[in-house]
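In: the sequence and its predicted three-dimensional model are supplied below.
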Amino acid sequence: MSAPLDTLTEKLETIAKKLVRYSGFDGQFIDGHWRPGHRGRTSKDTDPYTGETVAEIAMADLSDVEEAYQSAAKAQPAWASVLPAERGEVLHRCADLMERRRDEILDWLIHESGSTRIKAGVEWQMLHAITTEAASFPHRVAGRVLPIDEPGKESRVYRQPLGVIGVISPWNFPIYLAQRSVGPAIALGNTVVLKPSQDTPVTGGLLLAKIFEEAGVPSGVLNVVIGASGEIGDAFLKHPIPRLISFTGSTAVGRHIADLAVTSPMIKRLALELGGNTPFVVLDDADLDKAVPAAIFSRFLHQGQICMSTNRIVVDSTVYDEFVDRFTAHVKTLQVGNPQNPETVIGPIINSNQLANMLKHVKDTRNAGARQLLGGDPNGLVLPPHVFADVTNAMPVAKNETFGPIAPIIRVRGEREALQLANDTEYGLSSAVFTRDERRGLRFALGLQAGMTHINDTSVDDTPTGPFGGEKNSGIGRFGGDFIIDEFTTPHWITVQHSPRQYPF
């Protein structure tokens with residue numbers, strides 16, 4: 001009798017888990033209310049590993065976007081007038097809820113975004129850290145009194161909230177990259193309308209809204225609309241209410257957003273974190289015991305689906321062969337498959353379109369003459385790690401952001417060629433360099449055309465206080481700490497004439 005009973009128990013547990021995942025996340029969160037969208041159709045949200053439906057969402061139309069922005073605009077003045085300590089306390093309560101609901105957040109990240117348990121843990125830590133940091137922002141906004149060469153006059157600069165901020169979050173680190181904008185914006189007295197990716201509507205938006213709701217944020221301060229970009233995307237961007245659009249995603253979409261920002265009825269400010277083509281540079285004196293595992297982490301965390309992920313491994317010829325051998329041997333040991341398994345490193349690609357792009361990169365790299373050292377066919381959406389040696393910077397796999405578990409290794413001769421090749425890209429987000437000489441590493445880092453460079457460390461690095469952002473076609477603006485405070489507030493110059501002044505006419 002034990003086997004049937006065990007089977008029944010397993011089925012009940014599975015049903016219970018499904019009910020938890022379905023609970024409440026089937027529509028929009030607008031003006032403090034959970035309700036269906038008005039589009040008249042639903043969208044299935046699926047687990048990229050199992051194909052299981054984890055939510056069915058009634059999609060938004062243009063009327064939902066309008067209602068969300070009107071709700072945010074109505075709520076903003078009152079929210080901005082709330083005492084700094086009270087706004088900070090809402091963020092502290094969010095952080096407490098994130099701790100209590102950690103397992104649920106990890107479960108959603110694994111089932112909706114295809115995160116391995118390792119990556120989901122990393123994302124939760126980043127989520128909690130940025131929320132705790134944002135809780136301090138209300139007391140860190142500071143104005144200035146400027147010296148002025150006019151008698152009896154005072155010159156002041158106040159920093160004020162922008163108003164309403166529109167946030168578009170991606171699918172790869174969905175809850176963290178949403179909260180990286182949402183948390184600071186709300187802490188600083190702004191209100192928000194958030195549009196998450198269709199691939200991750202829950203972790204990119206609805207789950208975060210639930211946490212803010214439970215933390216006691218007033219109605220209208222955070223609104224979440226779930227809709228197809230082709231149907232509501234441009235209206236979301238061009239709407240006259242939002243003062244700033246915060247977007248994380250591809251450079252192509254970022255260009256489109258920038259075009260709309262200057263042609264919309266109200267010109268928008270922008271905070272854009274776009275694509276990358278990260279070089280991981282191994283100089284001739286590098287410690288390979290440190291460089292190899294860092295390169296593997298930098299390339300294969302979350303299947304390489306990270307903007308900071310190492311896209312090109314650039315290795316000096318004197319250590320090239322040894323690096324390639326050690327790198328390949330290490331990659332062979334990586335566990336591939338079920339993201340629920342705590343040992344799994346390589347889980348599923350987010351969707352079939354992305355997988356098709358990966359397979360094209362693999363084919364093009366082979367045809368270009370690179371030497372394939374590791375590979376394999378996909379199993380469902382799980383693509384095993386691919387390693388290519390003897391890649392050149394002109395090959396498509398090196399010129400384009402691959403966003404998948406493909407590692408191209410490029411040979412260079414000397415530091416000068418390494419720097420020239422590392423900068424030979426339209427992108428400039430993250431980078432890394434390995435050397436035993438710290439001064440040499442610093443000199444090399446300062447020569448890189450990138451927003452971020454990490455010496456003897458992974459290229460995948462983000463902290464709640466650092467100025468996260470890129471150069472060239474990798475974006476506009478900086479996230480994190482005092483830098484995001486500047487982005488999400490505006491200076492208001494006010495002068496006071498204390499004594500009568502004489503005018504020339």
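Out: Received it, and whenever you're ready, just let me know what you need. Numbers count the residues shown, from 1 in each chain.
In: report the contact partners of G466.
Out: 452, 480-481 (C-beta atoms under 8 Å, 6 or more residues apart in numbering). Every C-beta, even on glycine, is put in place using the N, C-alpha and C of the backbone.
In: are any of these buried, and which?
Out: 452, 480-481 (16 or more other C-beta atoms under 10 Å).
In: can you tell me the closest non-neighbouring residue to L162?
Out: Spatially, and ignoring its direct neighbours in sequence, L162 is nearest to R243 (4.2 Å; C-beta to C-beta, 6 or more residues apart in numbering).
In: then L244?
Out: R269 (4.1 Å).
In: wait, isn't the one you found in contact with R243?
Out: Yes: between R269 and R243 there is a contact under C-beta atoms under 8 Å: 6.2 Å.
In: what do these two both touch?
Out: Listed as contacting both R269 and R243 by C-beta under 8 Å, 6+ apart are L162.
In: so the most centrally placed residue in the chain: helix, strand or coil?
Out: In the chain, the centroid-proximal residue (C-alpha atoms, centre = their mean) is L177; its distance is 3.7 Å. Classification of L177 using DSSP: H, G, I helix; E, B strand; the rest coil returns helix.
In: got the contact list for it?
Out: Here L177 is in contact with 169-170, 204, 248 (criterion: C-beta under 8 Å, 6+ apart).
In: confidence score at it?
Out: We have a pLDDT of 98 for L177.
In: what's the neighbour count on the nearest residue to Y320 once chain neighbours are set aside?
Out: Spatial nearest neighbour of Y320, chain neighbours left out: R411 (4.8 Å); criterion: C-beta to C-beta, 6+ apart. Close neighbours of R411, defined as other C-beta atoms under 10 Å, add up to 18.
In: pretty sure R411 is touching D390, no?
Out: Yes: if you go by C-beta under 8 Å, R411 and D390 touch, sitting 6.9 Å apart.
In: three-state assignment of the residue nearest to Y320?
Out: Per three-state DSSP, R411 ends up strand.
In: and it, what are its bridge partners?
Out: For R411, the beta-bridge partners under DSSP bridges are V315.
In: please report the distance of it from G205.
Out: 44 Å (C-beta to C-beta, to the nearest Å).
In: go on, S229?
Out: S229 is 14 Å from G205, by C-beta to C-beta.
In: the two: which is more packed in?
Out: A count of neighbours by other C-beta under 10 Å puts G205 above the other of S229 and G205, at 28 against 14.
In: quick one, what contacts the nearest residue to the more buried one once chain neighbours are set aside?
Out: Take G205 and drop its neighbours on the chain: the residue closest to it by C-beta to C-beta, 6+ apart is P196, 3.5 Å away. By C-beta under 8 Å, 6+ apart, the contact list for P196 reads 168-169, 171, 174, 178, 203-206, 224, 226.
In: picking that back up, and the residue nearest to L244, how many neighbours?
Out: 17.
In: dihedrals phi and psi, I186?
Out: In terms of degrees, to the nearest 10, the main-chain angles of I186 are phi -70, psi -40.
In: should've said S113
Out: When read as degrees, to the nearest 10, the backbone of S113 gives phi -100, psi 0.
In: and it, how far from D107?
Out: Taking C-beta to C-beta, one finds S113 at 11 Å from D107.
In: ditto for G337
Out: From G337 across to D107, the span is 18 Å (C-beta to C-beta).
In: ditto for A215
Out: For A215, the distance to D107 - C-beta to C-beta - is 20 Å.
In: please apply the same query to A68.
Out: Note on A68: its distance to D107, by C-beta to C-beta, is 27 Å.
In: about what we covered before: what residues are up against the residue nearest to L162?
Out: Neighbours of R243 in contact, by C-beta under 8 Å, 6+ apart: 162-165, 266, 268-269, 490.
In: give me the number of residues near G375?
Out: 16.
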